[in-house]
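1. Take this sequence and fold it.
(one chain, ligands or ions: 2)
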Amino acid sequence: MIQAKQLTKTFGAGESLVRALKEVNLVIEQGEMVSIVGPSGCGKTTLLHILSGIDNPTEGKVYIDGFDLYGAKEKARSAFRLTQMGFVFQSFHLIPVLTALENVALPLIGQGLSTKNANDKARAALKQVSLEDKLNSRPAQLSGGQNQRIAIARAIVSKPTVIWADEPTGSLDSHTSQQIVGLLRHINDTMGTTIVMVTHDLSISKQTDRIIHMENGRIINIDADNNSDLSPSAKLVRE
Ligand SMILES: Nc1ncnc2c1ncn2[C@@H]1O[C@H](COP(=O)(O)OP(=O)(O)OP(=O)(O)O)[C@@H](O)[C@H]1O
Ligand SMILES: [Mg+2]
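-> Ligands and ions are numbered 1, 2, ... in the order given. Now for the predicted structure:
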């Protein structure tokens, strides 16, 4: 479970002070897939960065499965991030000189696994995203959708409890976007990974369990049971 308590974030000072988050409270249950939506500049990325330990809050607390993210030392927080969290970004953040296999194996090597062990796990993760035939391709040789699937393989390779995704379909056409959100949905359904996704795209957010609406640094509304309009058969098709 992810718990945010009274999160506040300010940038700058004096006349250039920006209050990016204002006393945000939020609970996300283990195994949920939620989206965060709202106008540009409302604080979505800031919230995702603070929930995931990338950036410190000015005030407030984040607990993940009881772990006090900002009460912990930097080293413990980094270790927690590396083993418990996966990240997916709009621009993929792959390393251009590495192959698909090497990109996915890298975080495991960072955790101290042997190259062979890391490569075995990376191969399995790339198979889960249907890229088993592109192991030795570099990002520039692949499409945007394929690159995002490598990034998703990298995000799941450590079997994290949560995946954070900031506009994961922002650089993709609508057909490829649907494939990517379908893949994230599948990972959520089959692996039970909590997924928290920022998106501008209504056709993407409506496929998540809940939609968190933000405006001007605050959560203004949460659509619970967003998916309840799907008939049981539609849910099966989705799976
Ligand atoms: N490092 C920073 N320094 C100063 N101001 C920042 C910084 N990061 C974000 N901000 C400001 O905080 C506010 C929230 O930014 P944030 O990036 O969270 O918005 P967003 O909802 O993700 O927008 P978008 O949809 O355009 O990505 C904005 O006013 C932004 O200018
Ligand atoms: Mg953003």
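2. And the residue nearest the centre of the chain, which helix or strand is it part of?
-> Closest to where the C-alpha atoms of the chain average out (C-alpha atoms, centre = their mean) is Trp164, at 1.6 Å. In the assignment (DSSP states H and E), Trp164 maps to strand 162-166.
3. Check Met197 too.
-> Met197 belongs to strand 194-198, assigned by DSSP H and E.
4. Walk me through which strands that strand pairs with, and which way each runs.
-> Taking DSSP bridges as the criterion, strand 194-198 sits next to strand 33-37 (parallel), strand 162-166 (parallel) in its sheet.
5. still on that earlier bit, show me what the following helix or strand past the strand holding Trp164 packs onto, helices and strands only.
-> As assigned by DSSP H and E, the chain's next helix or strand after strand 162-166 is helix 174-191. Applying 3 or more C-beta pairs under 8 Å, 6 or more residues apart in numbering; DSSP states H and E, one finds that helix 174-191 makes contact with strand 33-37, helix 144-156, strand 162-166, strand 194-198, helix 202-205. (Glycine included, C-beta is placed from N, CA and C.)
6. export the ones you listed to JSON lines and tack on mean pLDDT?
-> Below are the helices and strands packed on helix 174-191 laid out as JSON lines (pLDDT from 0 to 100):
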{"stretch": "strand 33-37", "mean pLDDT": "97"}
{"stretch": "helix 144-156", "mean pLDDT": "97"}
{"stretch": "strand 162-166", "mean pLDDT": "98"}
{"stretch": "strand 194-198", "mean pLDDT": "98"}
{"stretch": "helix 202-205", "mean pLDDT": "93"}
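7. Give me the mean pLDDT for stretch 118-130.
-> For stretch 118-130, mean pLDDT rounds to 97.
8. If you could redo that for stretch 226-239, that was the one I meant.
-> Mean predicted lDDT for stretch 226-239 stands at 45.
9. who in this structure is up against ligand 1?
-> Contact residues, the chain versus ligand 1 (C-beta under 6 Å from any ligand atom): Phe11, Gly12, Val18, Ala20, Ser40, Gly41, Cys42, Gly43, Lys44, Thr45, Thr46.
10. And the helices in the protein?
-> 44-51, 74-84, 100-110, 115-128, 144-156, 174-191, 202-205, 232-238 (DSSP state H).
11. most packed of these?
-> Of the helices of the chain, the one with the most neighbours on average (mean count of other C-beta atoms under 10 Å) is helix 144-156, at a mean of 24.
12. what angle sits between that helix and helix 115-128?
-> 130 degrees (axes from the mean of the first three to the mean of the last three C-alpha atoms, to 10 degrees).
13. Return the angle between stretch directions for helix 144-156 and helix 100-110.
-> Going by the same axes, to 10 degrees, helix 144-156 is angled at 20 degrees with respect to helix 100-110.
14. So what touches helix 144-156?
-> Helix 144-156 is contacted from outside by 86-89, 92-94, 100, 103-104, 106-107, 122, 125-126, 128-131, 134, 137, 139, 142, 163, 165, 168-169, 171-172, 176, 179-180, 183-184, 187, 191, 193, using C-beta atoms under 8 Å, 6 or more residues apart in numbering.
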